[in-house]
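**Student:** Kindly generate the corresponding structure for this input.
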Amino acid sequence: MPVYQLIDEIIFPPQSHAEPNGLLAIGGDLSVERLLLAYSSGIFPWFNADDPILWWTPDPRFVIVPSEISVSRSLEKVLKKGKFAVTVNKAFNDVIKSCAQVRTEGGEGTWITKEMIRAYCKLHEMGFAHSIESWYEGKLAGGLYGLCLGKCFFGESMFHTVTDASKAAFVSMVRALEKRKFHLIDCQMPTEHLKSFGARGIRRNEFLDRLIKGGVFPSGEQCPVDFGIFNDH
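**Tutor:** Numbers count the residues shown, from 1 in each chain. The predicted structure is shown next:
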C-alpha cells in the first residue's frame, strides 16, 4: 500500500489503505479541523520533531473499556488513603508540557513538539482536549491529557514525578467515565503499562464501529462534551 501525501483539503484516505504498521498518511497540518477529523476517523498524529507529520491508524487498536479496568491491590490502597488530590482541567498547559519534559529529561524522544503543544492547547481552549491532574502536597505530581469526543476518550500521554501519581489520575478518570457510560478509552499503541490496567487490542473495524456507537461522527463535526467527570449526573 502507498503512504499518502496529504493535500491542503482536509481529508484522509480510507483507513484500510494504511501500511501494516498503521501508517496511513504524511504531511498536512495540525489545525483544529484536521485534528478533529482525524480523531473522529480513528486516526492520530505521531512523529518526531525533525519528521513531517505522520498519521496513524493501527490494526489492532489498543483500548480500555472502562468497565474492564484492572487495578492492583497496592494501587487500591494508595487510592483509598487519598494520597493524591485528582482534578480535571486545572492545569492543562502544565500537564502537556510536563509530559514532554519528563520524557526528554529521561533520555527518550518525544512527539510532543512545540507545534503539538500549541495545537492541543487550542483544542483545550475550544473544549475538546482535557487534562486530569494529580496533586501531592499542593504540587502537580502527575497527570494525563487527551481528547473527548462523544462518549469516547482518546488518550495522548501521561507523566509523573511522584510514584503512582499518574496511575491515580488515570484510574480516577476511568472509573468516572464508567459511571458516565463512556464506551471506550483509546490507548492507540500497546504498552505493558496499560495492559496491566486491562487494555487490549481490538480490530480496526470494531474500533471504528465503537466510535460511531459512542457518538463520534466520522465527518469530524463534533461538539465539545461536558467533561466534569467527577460530578454525578
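
**Student:** where's the residue nearest the centre of the chain relative to residue 139, distance?
**Tutor:** Closest to where the C-alpha atoms of the chain average out (C-alpha atoms, centre = their mean) is residue 155, at 1.4 Å. Distance, residue 155 to residue 139, using C-beta to C-beta, to the nearest Å: 23 Å. Quick note: C-beta positions are derived from backbone N, CA and C, even for glycine.

**Student:** What of residue 71?
**Tutor:** Using C-beta to C-beta, residue 71 is found at 24 Å from residue 139.

**Student:** Counting neighbours, go ahead and name the busier of these two.
**Tutor:** More crowded of residue 71 and residue 139, by other C-beta atoms under 10 Å: residue 71, with 17 against 8.

**Student:** Can you classify that one by secondary structure?
**Tutor:** Following DSSP: H, G, I helix; E, B strand; the rest coil, the label given to residue 71 is coil.

**Student:** For it, which residues are in contact?
**Tutor:** With contact set as C-beta atoms under 8 Å, 6 or more residues apart in numbering, residue 71 has these partners: 79, 171, 197.

**Student:** for residue 113, same thing?
**Tutor:** Counting by C-beta under 8 Å, 6+ apart, residue 113 has contacts 49, 100.

**Student:** what does residue 5 give?
**Tutor:** Residue 5 neighbours (C-beta under 8 Å, 6+ apart): 25, 26, 27.

**Student:** Equivalent analysis for residue 184, please.
**Tutor:** Taking C-beta under 8 Å, 6+ apart as the contact definition, residue 184 lies against 63, 64, 65, 66, 152, 153, 207, 210, 214.

**Student:** And residue 70, by the same measure?
**Tutor:** Counting by C-beta under 8 Å, 6+ apart, residue 70 has contacts 196, 197, 198.

**Student:** again, only this time at 7 Å
**Tutor:** By C-beta atoms under 7 Å, 6 or more residues apart in numbering, the residues touching residue 70 are 197, 198.

**Student:** just the one 10 residues further on next, same as before
**Tutor:** Contacts were defined as C-beta under 7 Å, 6+ apart; by that measure residue 80 touches no other residue.

**Student:** please begin residue numbering at 730 from this point
**Tutor:** In the new numbering, first residue 730, that becomes residue 809.

**Student:** what about it, distance to residue 902?
**Tutor:** Here the criterion is C-beta to C-beta. By it, residue 809 lies 17 Å from residue 902.

**Student:** re earlier: just the buried subset of the contacts of residue 734, please.
**Tutor:** The neighbour count (16 or more other C-beta atoms under 10 Å) marks residue 754 as buried among those.

**Student:** Please pull up the helix or strand immediately following the lengthiest strand in the chain.
**Tutor:** Ordering each strand of the chain by length in residues (DSSP state E) puts strand 868-878 first. Per DSSP states H and E, strand 868-878 leads on to strand 881-889 as the next helix or strand towards the C-terminus.

**Student:** Look up how far residue 909 lies from residue 877.
**Tutor:** Following C-beta to C-beta, the distance that separates residue 877 from residue 909 is 10 Å.

**Student:** neighbour-wise, which of those two wins?
**Tutor:** Neighbours per residue (other C-beta under 10 Å) separate residue 877 from residue 909, with residue 877 holding more: 22 against 16.
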